[in-house]
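>>> I'd like to go over a predicted model; first the sequence, then the structure.
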Number of protein chains: 2
Amino acid sequence: MSLRHAMLGLLADQPASGYDLMKRFETSLSNAWPATQSQVYGELGKLAKAGLLEVAAEGPRGRKEYAITDEGRAELHHWLTETPPGTVRRSEALLRVFFLNHLTPVEATAYLMGEAERAAGHHKALEEVERKVDWGDDALSVNGRLALEYGLRFTAMREEWARWAAEELMKSRER
Amino acid sequence: MSLRHAMLGLLADQPASGYDLMKRFETSLSNAWPATQSQVYGELGKLAKAGLLEVAAEGPRGRKEYAITDEGRAELHHWLTETPPGTVRRSEALLRVFFLNHLTPVEATAYLMGEAERAAGHHKALEEVERKVDWGDDALSVNGRLALEYGLRFTAMREEWARWAAEELMKSRER
DNA sequence: TGATTCATGTAAGCGGTTACATGATTAT
DNA sequence: ATAATCATGTAACCGCTTACATGAATCA
């Protein structure tokens, strides 16, 4: 149930509509926890019904601006401090590694080199973000930079690993 | 639809029952693609109906041993070589980083240090696996070692990042 | 006036988790 | 005997994705 907490976290900074939240998901959270429009609107309704949010204002085009309640803040705090983060991680890319023996050496190497390039591309994209965003000293900038650094280290690690793995495979094929 | 390909990949090595597959998921694939018992049995039925698997033999206790068909092998090969790996990665741990500003400095640091320790623990567990498994020169050993190395690098990276992030947070709080 | 942006919602379907339910065979 | 292991299946539920559906307000 991380989506609801992601939304509570965003709304803890300032009130927003579903539409606003979607934009914020796309720009900041998309690499950690993507969400779709229908999901966001659905969850807004549930959170309001549960008393964790309330409709603070209504605007043109049926716009509903949601604000977090004290109960919502308490739930966010509880989630952040009392519950251990879920650790279930699925990686389709890693899964494939287990089946590389069903490919020819050429195909397997091609896959790993492709992985290296995908990681490198992702890394470059993150560097681009780092350059374009003007980072302030505000809380969101600080947190965003921490998350970005995680992404940079992760993509770098993935590229290095993939190149290493390609070499390992070649070595073991020689034997 | 990675589960079906994970199952095809396992069955490409040798025929197995649902029960066998479950054990293999638990030992080798659990870190890349966990699966539950009900999922495995359900998918076996679907794959057999689709002609990618067939019941090769029946044993005691209603045991059904499934074998991959040529069609199944073709599908596995197609998946491995023609389709790009899905890249959707959700990380609850990273998501929380975006909301660290809603915690006190003490709480936030505690969270990051906890992350570092969780990563270190996971790292140690993988080292334990490395020590206990007797790695041969067979295909599964080679692939397994590649995947294990990925895990080792990943957990090391996470620990380092978390310690770095905790320091960064302290620095920015001083200002 | 016509395109773009803002804005909200519903419905079908899929993959995954948890829990329930049953029973045969083998090892102690 | 009885406990552990082997073995298969079903049902309810939840979160997420995709697609559909509608329309008001603003900008060029």
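On my side now, so go ahead. Residues are numbered from 1 along each chain as shown, chains lettered A, B, ... in the order given.

>>> how about the residue positioned nearest the centre of chain A, secondary structure?
The centroid of chain A falls nearest to A:Ala32 when counting by CA atoms, centre = their mean (1.2 Å). Under DSSP: H, G, I helix; E, B strand; the rest coil, the three-state class of A:Ala32 is coil.

>>> okay, it: pLDDT?
At A:Ala32, the model reports a pLDDT of 97.

>>> who's in contact with it?
Counting by CB atoms under 8 Å, 6 or more residues apart in numbering or on different chains, A:Ala32 makes contact with A:Ala147, B:Arg90, B:Ser91, B:Leu94, B:Leu95, B:Val97, B:Phe98. Quick note: C-beta positions are derived from backbone N, CA and C, even for glycine.

>>> and those near DNA strand D, which?
When CB under 7 Å from any atom of the strand is applied, the members of the contacts of A:Ala32 adjacent to DNA strand D are B:Arg90.

>>> where along chain A do the strands fall?
Along chain A, the segments classed as strands by DSSP state E run A:53-58, A:64-68.

>>> got these as TSV, with mean neighbour count columns?
Output for these, formatted as TSV (neighbours: other CB atoms under 10 Å in any protein chain shown):
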stretch	mean neighbour count
strand A:53-58	14
strand A:64-68	20
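
>>> With distance to chain B added, can I get these in CSV?
Output for those, formatted as CSV (distance: least, CB to the nearest CB, whole Å):
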stretch, distance to chain B
strand A:53-58, 15
strand A:64-68, 10
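
>>> Kindly reformat those as CSV and extend each row with mean pLDDT and distance to A:Asp137.
Putting the strands of chain A into CSV (pLDDT from 0 to 100; distance: least, CB to CB, whole Å) gives the following:
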stretch, mean pLDDT, distance to A:Asp137
strand A:53-58, 98, 28
strand A:64-68, 98, 24
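
>>> Tell me which of the ones you listed approaches A:Ser38 most closely.
Of all the strands of chain A, it is strand A:64-68 that lies closest to A:Ser38, at 15.8 Å by CB to CB.

>>> Tell me how far the residue nearest to the centre of chain A lies from A:Ser91.
Separation of A:Ala32 from A:Ser91 (CB to CB, to the nearest Å): 15 Å.

>>> and what of A:Arg153?
The gap separating A:Arg153 from A:Ser91 is 16 Å, by CB to CB.

>>> Have a look at those two and say which one is more surrounded.
Neighbours per residue, other CB atoms under 10 Å in any protein chain shown: of A:Arg153 and A:Ser91, the larger number sits with A:Ser91, 20 against 16.

>>> nearest residue to that one other than its sequence neighbours?
Spatial nearest neighbour of A:Ser91, excluding adjacent residues (CB to CB, 6 or more residues apart in numbering or on different chains): B:Ala32 at 5.4 Å.

>>> and if you look at A:Gly59?
Distance criterion CB to CB, 6+ apart; nearest residue to A:Gly59, sequence neighbours excluded, is A:Glu65 at 6.6 Å.

>>> what's near enough to touch that neighbour?
So A:Glu65 contacts A:Pro15, A:Ala16, A:Ser17, A:Val55, A:Ala56, A:Ala57, A:Glu58, A:Gly59 (CB under 8 Å, 6+ apart).

>>> What number of residues are in the vicinity of A:Glu26?
Other residues within reach of A:Glu26, judged by other CB under 10 Å, total 11.

>>> what's the pLDDT at it?
Listed pLDDT for A:Glu26 reads 95.

>>> Same check on A:Ser141?
Note on A:Ser141: pLDDT of 88.

>>> what's the distance between it and DNA strand D?
In this structure, A:Ser141 and DNA strand D are 26 Å apart, going by CB to the nearest atom of the strand, to the nearest Å.

>>> Repeat that for A:Glu54.
For A:Glu54, the distance to DNA strand D - CB to the nearest atom of the strand - is 21 Å.

>>> Quick one: list the elements packing against the longest helix along chain A.
As assigned by DSSP state H, the longest helix anywhere in chain A is helix A:139-174. Under the contact criterion of 3 or more CB pairs under 8 Å, 6 or more residues apart in numbering or on different chains; DSSP states H and E, helix A:139-174 touches helix A:105-132, helix B:92-97, helix B:139-174.
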